[in-house]
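S.K.: Any chance you can model this:
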Amino acid sequence: MSSVHELRRILGTCRTLAVVGLSPQWHRPSFFAAKYMQAHGYRIVPVNPSAQEILGERCYPSVTEAARVLAKEGVKIDMVDCFRRSEDIPPVADEAIAIGAKCLWMQLGVVNEAAATKARAAGLEVVMDRCVKIEHARLFGGLNWAGVNTKVISSRRPQQLPY
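M.R.: The predicted model follows:
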């Protein structure tokens, strides 16, 4: 389990995020989380073999391909953020190790102890079963983004029906 200090350090130092499984559909959690992180100054590198571009960034078929292309620009991927099923994580962890990422982050509900152990043994920090957007908002004060504490969400009954 990562402490608050570890999460704050990881999110403070990892500025380029390869988001594996990033969906081009605006209503998907991966899109929302990546858009939030992008709006807060992070470079998002979409990894989705079925899309050409997401959030204004070129999509890559794999983490390895993204790292190879970005290295030509002098950009290094710091974090591999996984929006994939738990059983799909081992090859992604292998790619994160191969490119020299600092962190392997598995989103809410994603836990793979074998991949985590392998990544830690290779020197990566590992975060499992946590959302990068939620943790950033909690630790860096972004909880008011997208409707929270903006008086858009209310327990008060509207005076008129919206239709």
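S.K.: how about the CA coordinates for stretch 112-129, as PDB?
M.R.: As requested, the backbone C-alpha atoms of stretch 112-129 are provided in PDB (Å, rounded to 0.1, in the frame of the first residue of the first chain):
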ATOM      1  CA  ASN A 112      -1.800  -8.200 -10.300                       C
ATOM      2  CA  GLU A 113       0.600  -9.200  -7.500                       C
ATOM      3  CA  ALA A 114       2.900 -11.200  -9.800                       C
ATOM      4  CA  ALA A 115       3.300  -8.200 -12.200                       C
ATOM      5  CA  ALA A 116       3.800  -5.800  -9.300                       C
ATOM      6  CA  THR A 117       6.500  -8.000  -7.700                       C
ATOM      7  CA  LYS A 118       8.300  -8.200 -11.100                       C
ATOM      8  CA  ALA A 119       8.100  -4.400 -11.600                       C
ATOM      9  CA  ARG A 120       9.300  -3.700  -8.000                       C
ATOM     10  CA  ALA A 121      12.300  -6.100  -8.500                       C
ATOM     11  CA  ALA A 122      13.200  -4.100 -11.600                       C
ATOM     12  CA  GLY A 123      13.200  -0.900  -9.600                       C
ATOM     13  CA  LEU A 124       9.800   0.500 -10.500                       C
ATOM     14  CA  GLU A 125       7.400   1.900  -8.000                       C
ATOM     15  CA  VAL A 126       4.000   0.200  -8.100                       C
ATOM     16  CA  VAL A 127       0.600   1.500  -7.200                       C
ATOM     17  CA  MET A 128      -2.400  -0.800  -7.500                       C
ATOM     18  CA  ASP A 129      -6.200  -0.400  -7.100                       C
END
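S.K.: Touching it from outside, list them.
M.R.: 2, 6-7, 10, 86-87, 89-90, 92-94, 96-97, 101-111, 135 (C-beta atoms under 8 Å, 6 or more residues apart in numbering). To be clear about C-beta, it is placed using only N, CA and C from the backbone, and glycine gets the same treatment.
S.K.: how about it: buried residues?
M.R.: 112, 115, 116, 118, 119, 124, 125, 126, 127, 128 (16 or more other C-beta atoms under 10 Å).
S.K.: so where's this structure uncertain?
M.R.: The model of the chain has pLDDT under 70 over residues 1, 142-163.
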